[in-house]
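A.B. asks: model the structure of this input:
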Amino acid sequence: MRSLRSVVAALILLLGAALAFVTGIAFGRGAENVLHFAMAATFLVLAFAVFDFRLPTWINLAACAAAGALAAIFLLQGASDLLHSTS
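C.D. replies: Numbering: from 1, shown residues only. Next comes the predicted model:
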(Lines give C-alpha, C1' and ligand atoms only; values in the text may rest on other atoms or scores of the structure.)
Protein backbone atom coordinates (compact mmCIF):
# COMPACT_ATOMS: atom_id res chain seq x y z
CA MET A 1 0.00 0.00 0.00
CA ARG A 2 1.57 3.25 -1.11
CA SER A 3 -1.08 5.74 -0.12
CA LEU A 4 -3.61 5.51 2.67
CA ARG A 5 -5.52 8.47 1.21
CA SER A 6 -5.96 6.60 -2.09
CA VAL A 7 -7.42 3.64 -0.21
CA VAL A 8 -9.78 5.98 1.67
CA ALA A 9 -10.87 7.55 -1.63
CA ALA A 10 -11.61 4.11 -3.09
CA LEU A 11 -13.59 3.14 0.01
CA ILE A 12 -15.64 6.36 -0.16
CA LEU A 13 -16.48 5.60 -3.78
CA LEU A 14 -17.46 1.98 -3.11
CA LEU A 15 -19.50 2.80 -0.02
CA GLY A 16 -21.15 5.72 -1.84
CA ALA A 17 -22.22 3.43 -4.68
CA ALA A 18 -23.64 0.92 -2.20
CA LEU A 19 -25.44 3.70 -0.30
CA ALA A 20 -26.87 5.04 -3.56
CA PHE A 21 -28.16 1.57 -4.41
CA VAL A 22 -29.84 1.24 -1.01
CA THR A 23 -31.23 4.78 -1.25
CA GLY A 24 -32.68 4.07 -4.69
CA ILE A 25 -34.40 0.93 -3.46
CA ALA A 26 -35.62 2.39 -0.16
CA PHE A 27 -36.85 5.78 -1.37
CA GLY A 28 -37.20 5.36 -5.12
CA ARG A 29 -35.18 8.51 -5.76
CA GLY A 30 -32.22 10.41 -4.40
CA ALA A 31 -29.58 7.95 -5.55
CA GLU A 32 -28.19 10.55 -7.97
CA ASN A 33 -27.53 12.99 -5.13
CA VAL A 34 -25.76 10.33 -3.09
CA LEU A 35 -23.59 9.43 -6.07
CA HIS A 36 -22.73 13.06 -6.79
CA PHE A 37 -21.71 13.75 -3.20
CA ALA A 38 -19.78 10.47 -2.96
CA MET A 39 -17.90 11.32 -6.15
CA ALA A 40 -17.19 14.84 -4.85
CA ALA A 41 -15.78 13.43 -1.61
CA THR A 42 -13.77 10.82 -3.52
CA PHE A 43 -12.16 13.35 -5.83
CA LEU A 44 -11.47 15.72 -2.94
CA VAL A 45 -9.57 13.04 -1.04
CA LEU A 46 -7.88 11.94 -4.26
CA ALA A 47 -6.74 15.51 -4.92
CA PHE A 48 -4.60 15.36 -1.80
CA ALA A 49 -3.58 11.72 -2.31
CA VAL A 50 -1.54 12.57 -5.40
CA PHE A 51 1.15 14.07 -3.18
CA ASP A 52 1.80 10.64 -1.63
CA PHE A 53 3.47 9.50 -4.84
CA ARG A 54 6.98 10.50 -5.87
CA LEU A 55 6.38 12.30 -9.12
CA PRO A 56 7.63 15.64 -10.41
CA THR A 57 5.98 18.54 -8.65
CA TRP A 58 4.27 19.87 -11.76
CA ILE A 59 2.57 16.52 -12.35
CA ASN A 60 1.33 16.38 -8.76
CA LEU A 61 0.01 19.93 -8.98
CA ALA A 62 -1.74 19.27 -12.29
CA ALA A 63 -3.33 16.08 -10.94
CA CYS A 64 -4.39 17.87 -7.75
CA ALA A 65 -5.99 20.67 -9.78
CA ALA A 66 -7.79 18.22 -12.07
CA ALA A 67 -9.13 16.13 -9.19
CA GLY A 68 -10.12 19.29 -7.31
CA ALA A 69 -11.99 20.57 -10.36
CA LEU A 70 -13.85 17.26 -10.64
CA ALA A 71 -14.73 17.45 -6.94
CA ALA A 72 -16.16 20.93 -7.43
CA ILE A 73 -18.13 19.85 -10.51
CA PHE A 74 -19.70 16.86 -8.75
CA LEU A 75 -20.45 18.97 -5.67
CA LEU A 76 -22.21 21.60 -7.79
CA GLN A 77 -24.17 18.94 -9.67
CA GLY A 78 -25.31 17.38 -6.39
CA ALA A 79 -26.27 20.75 -4.96
CA SER A 80 -28.15 21.64 -8.15
CA ASP A 81 -30.14 18.39 -8.00
CA LEU A 82 -30.79 18.84 -4.29
CA LEU A 83 -32.04 22.42 -4.70
CA HIS A 84 -33.93 21.67 -7.93
CA SER A 85 -32.09 24.46 -9.70
CA THR A 86 -31.97 24.35 -13.48
CA SER A 87 -28.82 26.46 -13.62
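
A.B. asks: may I see the buried residues of stretch 10-23?
C.D. replies: Residues Ile12, Leu13, Gly16, Ala20, Thr23 are the ones in stretch 10-23 that count as buried (16 or more other C-beta atoms under 10 Å). Using the backbone N, CA and C atoms, a C-beta is placed for each residue, glycine as well.

A.B. asks: tell me the pLDDT of Ser87.
C.D. replies: According to the prediction, Ser87 has pLDDT 63.

A.B. asks: low-confidence ranges in this protein?
C.D. replies: Within the chain, the segments meeting pLDDT under 70 span 1, 85-87.

A.B. asks: residue furthest from the geometric center of this protein?
C.D. replies: Of all residues in the chain, Pro56 has its C-alpha farthest from the mean position, at 24.2 Å, by C-alpha atoms, centre = their mean.

A.B. asks: one step back: what's the closest of the buried residues of stretch 10-23 to Leu83?
C.D. replies: For Leu83, the nearest member of those is Thr23. The distance, counting by C-beta to C-beta, is 17.9 Å.

A.B. asks: please, which helix or strand holds that closest one?
C.D. replies: Per DSSP states H and E, Thr23 falls inside helix 4-27.

A.B. asks: how far does that helix sit from its chain's centre?
C.D. replies: Helix 4-27 has its average C-alpha position 10 Å from the chain's average C-alpha position, going by C-alpha atoms, centre = their mean, to the nearest Å.

A.B. asks: pull the residues that contact that helix.
C.D. replies: Applying C-beta atoms under 8 Å, 6 or more residues apart in numbering, the contact partners of helix 4-27 are 1, 30-32, 34-35, 37-39, 41-43, 45-46, 48-49, 52.
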